[in-house]
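In: generate coordinates for the sequence data below:
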Amino acid sequence: MPEPLFLEDFEPGQVFRHPGGVPVSSEAIKQFAGQFDPQPFHLDELAAQQSFFGGLAASGWHTAGLTMRMLVETLPISGGLIGAGFDEFRWPRPTRPGDRLHMEVQVLGVKFSQSKPHQGFLHHRVTTFNQHDEPVLVMTGNLLAPRRPVP
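Out: A predicted model of the protein is given here:
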């Protein structure tokens, strides 16, 4: 496990990258959709061919879940990743069977809390890419982050 990060460890312009790729299979797409987003274009290849997507596509929430896993593995903020709101959340293109996802996080800003001096906010952009470096998810928001404890 990497050393936990505190708000003081971040500065605008930093980029953190997930170290590997996450494969997406037809079976995983259908399993996720069956439980959480049971729409035909996530569950059935034939129905998906006739849909807006023109083929089987992962639920955007499946892509978001895989992104969250990569984010946790990439950004070890002390105390965990605690969301403090999103400015943007979009899926520029679908995630497909056979895709291999990777992700990067860019630090956009750091804000120290005036009312709670032991914490602050990390403004960031997360972009998840497929194996062709095409974005499949883009989200911008804030994470709550603790300040480094004073000994």
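In: now do the helices in the protein.
Out: 26-36, 40-43, 45-49, 60-74 (DSSP state H).
In: most tightly surrounded among those?
Out: Ranked by mean neighbour count, the helices of the chain are led by helix 40-43 with a mean of 20 (mean count of other C-beta atoms under 10 Å). C-betas here are computed from N, CA, C, even on glycine.
In: what packs against that one?
Out: helix 26-36, helix 45-49 (3 or more C-beta pairs under 8 Å, 6 or more residues apart in numbering; DSSP states H and E).
In: of those helices, which is nearest Val107?
Out: helix 26-36 (29.7 Å; C-beta to C-beta).
In: any idea of the mean pLDDT in stretch 75-91?
Out: Mean per-residue pLDDT for stretch 75-91: 93.
In: how about that stretch as PDB, C-alpha atoms only?
Out: Only the C-alpha atoms of stretch 75-91 are listed here, as PDB (Å, rounded to 0.1, in the frame of the first residue of the first chain):
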ATOM      1  CA  LEU A  75      -5.000   8.300  -5.000                       C
ATOM      2  CA  PRO A  76      -4.400   7.000  -1.400                       C
ATOM      3  CA  ILE A  77      -5.800  10.000   0.500                       C
ATOM      4  CA  SER A  78      -5.500   9.500   4.200                       C
ATOM      5  CA  GLY A  79      -8.900   8.400   5.600                       C
ATOM      6  CA  GLY A  80     -10.300   7.300   2.200                       C
ATOM      7  CA  LEU A  81     -11.800   9.100  -0.800                       C
ATOM      8  CA  ILE A  82     -14.800  11.100   0.400                       C
ATOM      9  CA  GLY A  83     -16.700  12.900  -2.400                       C
ATOM     10  CA  ALA A  84     -17.700  16.500  -1.800                       C
ATOM     11  CA  GLY A  85     -19.700  17.100  -5.000                       C
ATOM     12  CA  PHE A  86     -19.300  17.000  -8.800                       C
ATOM     13  CA  ASP A  87     -19.100  19.800 -11.200                       C
ATOM     14  CA  GLU A  88     -19.200  17.600 -14.300                       C
ATOM     15  CA  PHE A  89     -19.900  13.900 -14.900                       C
ATOM     16  CA  ARG A  90     -20.200  12.600 -18.500                       C
ATOM     17  CA  TRP A  91     -19.500   9.600 -20.800                       C
END
